[in-house]
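Colleague: Based on what follows, work out the 3D shape:
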Amino acid sequence: MIRAGRRRYAQNSDELATAMGISIGTFRNKQPYTAEDFPPLISSEGARSKLWDRAQTAAYLGGRPVPALPKDDDDQDLLDRNEAAALLKVTPKTWDTYKTDIQIASHLTKVKGVEHCPRGIVQAFKESRTSGSGAGLKGRPKGSRDVVPRDEISARVSELLDDDPGVTLATVQERVGLSYAAAARALPRLRGERIADLLQTEPDLTLEDAAARLGYPTAVQRTALASAATELRARQIQSYLQRVANALVGADQADQQDVRVQRLEDDVLAAVLLLSRPGIPALVWDERYGWRTAISRRHPIGKETGIPPEGDGIRYLSEDQQPEPAELLGALTDGRRGSRQPKTVHPPVPS
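Modeller: Below you'll find the model as predicted:
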């Protein structure tokens with residue numbers, strides 16, 4: 001399985017062969033991954049597509065100690081077809097039928113071309129079937145949406161955190177009226193924000209100290225700490241992004257706006273700057289690819305696919321992740337500058 005928060009490290013056979021400096025044909029023939037001390041697969045036994053954890057293989061190939069992966073199960077672990085079937089105690093073929101259920105289908109995601117499902121979604125589906133009610137998660141009607149408006153979710157979940165720092169996902173689902181997926185996004189994020197707030201007040205604290213001070217149980221600290229690290233990254237980049245936005249306003253390329261840093265899948269950070277100039281509705285900053293032009297004002301980031309967006313109207317403006325505003329402005333106003341693909345991909349900072 002792909003442990004929670006480690007999706008970005010998933011590595012397939014082609015990528016591992018490249019890292020080892022051999023062709024994929026040689027890789028498949030010699031099967032170097034069968035060496036006794038080689039890092040183990042993170043794909044299930046018998047899976048058609050083999051996957052490894054890139055942090056482990058890089059350490060192995062570099063002659064360094066191979067870091068251990070988390071051992072404790074997490075609702076955000078990603079299970080492949082065989083693992084999901086095993087959790088439900090059914091055959092993979094039966095899982096192929098189950099995965100079309102509305103409780104599961106919208107949560108399926110592909111990692112390196114391999115379909116996975118979060119452990120929590122599979123477990124919740126299992127519990128709903130065991131109850132015999134045929135209902136959706138935690139007694140909510142099958143296929144129902146969150147019953148609380150999106151802009152009220154943070155406030156409602158914050159109230160529960162105020163009363164009980166160890167509040168569970170199940171309680172958030174029941175008390176606020178959220179789906180499992182929405183609760184699993186909101187609760188760790190808010191815990192992470194509170195850790196970041198405390199660290200800004202008391203910078204000598206460690207992340208772990210702050211989590212303990214806030215009363216977070218050990219069982220939830222891993223996801224809370226990862227969220228806090230992402231939140232701190234977002235706050236650090238915020239000032240740069242706002243500086244760029246203000247420079248665009250000064251050059252009559254945009255109206256005044258407060259930039260909001262967004263979290264994409266795997267806690268990748270991104271932001272949108274809406275423009276007032278004709279022909280280019282917006283700029284998108286993505287910590288992996290830097291700055292690019294967007295073709296839609298309504299949905300400038302587009303659907304997350306794990307690969308750099310390309311197409312007519314999309315132009316990557318700098319090889320740097322954080323170019324100076326003047327450099328970015330020059331590239332924006334000169335249509336001859338930039339490229340259709342990013343020339344440099346910056347790996348997200350691990351949380």
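
Colleague: Pull out the buried residues from the helix ranked longest in the chain.
Modeller: Longest helix in the chain, counting residues (DSSP state H): helix 218-250. Neighbour-count burial for helix 218-250 flags 220-234, 237-238, 240-242, 244-245, 247-248 (criterion: 16 or more other CB atoms under 10 Å). C-betas here are computed from N, CA, C, even on glycine.

Colleague: cool, stretch 292-300 as well?
Modeller: Quick answer for stretch 292-300 (16+ other CB under 10 Å): 292, 293, 294, 295, 300.

Colleague: Over to stretch 123-130?
Modeller: Buried, per 16+ other CB under 10 Å, within stretch 123-130: 123, 124, 125, 126, 128.

Colleague: The residue nearest the centre of the chain in helix, strand or coil?
Modeller: The centroid of the chain falls nearest to residue 266 when counting by CA atoms, centre = their mean (1.5 Å). Using DSSP: H, G, I helix; E, B strand; the rest coil, the structure places residue 266 in helix.

Colleague: just checking, residue 3 touches residue 77?
Modeller: Yes: here residue 3 reaches residue 77: they are 5.6 Å apart, a contact under CB atoms under 8 Å.

Colleague: ok so, going back, looking at the buried residues of stretch 292-300, which are in strands?
Modeller: Of the positions in the buried residues of stretch 292-300, 292, 293, 294 sit in strands, assigned by DSSP state E.

Colleague: residues contacting the first one?
Modeller: So the one you mean is residue 292. 283, 284, 286, 308, 309, 314, 315, 316, 317, 342 (CB atoms under 8 Å, 6 or more residues apart in numbering).

Colleague: Out of the buried residues of stretch 123-130, flag the one nearest to residue 61.
Modeller: Among the buried residues of stretch 123-130, residue 123 lies closest to residue 61 (CB to CB), at 35.3 Å.

Colleague: Look up how far residue 229 lies from residue 76.
Modeller: Look at residue 76 and residue 229: by CB to CB, to the nearest Å, they are 15 Å apart.

Colleague: which strands and helices sit next to the helix or strand bottoming out on mean pLDDT in the chain?
Modeller: Scoring the helices and strands of the chain by mean pLDDT, DSSP states H and E places helix 119-131 at the bottom, with a mean of 82. Contacts defined by 3 or more CB pairs under 8 Å, 6 or more residues apart in numbering; DSSP states H and E place helix 119-131 against strand 78-80, helix 81-88, helix 102-105, helix 180-201.

Colleague: Packing partners of the helix or strand harbouring residue 153?
Modeller: Using DSSP states H and E, residue 153 maps to helix 153-163. Applying 3+ CB pairs under 8 Å, 6+ apart, one finds that helix 153-163 contacts helix 169-172, helix 180-201.

Colleague: could you give the angle of the last one to helix 119-131?
Modeller: Going back to what we said before, that points to helix 180-201. Comparing the axes of helix 180-201 and helix 119-131 via axes from the mean of the first three to the mean of the last three CA atoms, to 10 degrees yields an angle of 140 degrees.

Colleague: buried sites along helix 180-201?
Modeller: 180-196, 198-199.

Colleague: Mind putting the helices and strands packed on helix 153-163 into JSON lines with distance to residue 30 and mean pLDDT?
Modeller: Shown next, in JSON lines, are the helices and strands packed on helix 153-163 (distance: least, CB to CB, whole Å; pLDDT from 0 to 100):
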{"stretch": "helix 169-172", "distance to residue 30": "45", "mean pLDDT": "88"}
{"stretch": "helix 180-201", "distance to residue 30": "41", "mean pLDDT": "91"}
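
Colleague: With that, I have no additional questions.
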